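Visitor: can you look at this prediction? I've put the sequence above it.
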Amino acid sequence: MSNNIIKFFIVSCVFCGMTSASFAEELFSQQVNFQSTSKHAEDKKLPILVFFSASDCDDCDTVQEEFLQPMLKSGDYLDKIIVRVVITDNGDEIRDFNGELVSVEAFSDRYDLELTPTIILLDSQGKELSARLVGMGAVSFYGGYLDEAIDASLQLLRK
């Protein structure tokens, strides 16, 4: 494992309270605390990439396996984004940006979620920074669209 990946894993475990050896598996489970994530995002001037997924969504699996997991494993996005996953159909609650526990449904409704997969990029206050990615579309273009949204979000935060 490269030093960047090890460093990212340790930092992520500290910020997220994760102790599992499999960071990607833990990330894609429903353990979301946007209050602590927002503090980290503000300190580092990073956008929060929120991946809205559903358990029976084949396109969601494709986005996760073909794009998000490789991004995290590569180490190339450590200084570009913080990734959080919201699984829309599990009935869980998540800690919102203000510290309140809210249902996943209420959180999803706030962002007018209509379809999974959807990726939005947020600032530390929960405001959208760039155009969202809704649905899967063509796999061959998805990575480019994702990178464009990440870059646009970073520019807004860092100017």
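Guide: Yep, it's here. Numbers count the residues shown, from 1 in each chain.

Visitor: need the residues that contact the longest helix seen in the chain.
Guide: Across the chain, the longest stretch assigned as helix under DSSP state H is helix 139-158. Around helix 139-158, the neighbours that count as contacts under C-beta atoms under 8 Å, 6 or more residues apart in numbering are 45-47, 49, 62-63, 66-67, 77, 80-81, 119, 121, 123, 129-133, 136-137. Bear in mind the C-beta positions are built from the backbone N, C-alpha and C, glycine included.

Visitor: cool, stretch 110-125 as well?
Guide: Residues contacting stretch 110-125 (C-beta under 8 Å, 6+ apart): 38-39, 41-42, 47-54, 57, 59-60, 63, 81, 88, 97, 128-130, 132-136, 146, 149-150, 152-153, 156-157.

Visitor: among the contacts of helix 139-158, name the buried ones.
Guide: 46-47, 49, 63, 67, 77, 80-81, 119, 121, 123, 129-130, 132-133, 136 (16 or more other C-beta atoms under 10 Å).

Visitor: circling back to that earlier point, now intersect the contacts of helix 139-158 with the helices, please.
Guide: For the contacts of helix 139-158, secondary structure assignment (DSSP H) places 62, 63 in helices.

Visitor: for residue 157, give its distance to residue 136.
Guide: In this view, residue 157 and residue 136 are 27 Å apart by C-beta to C-beta, to the nearest Å.
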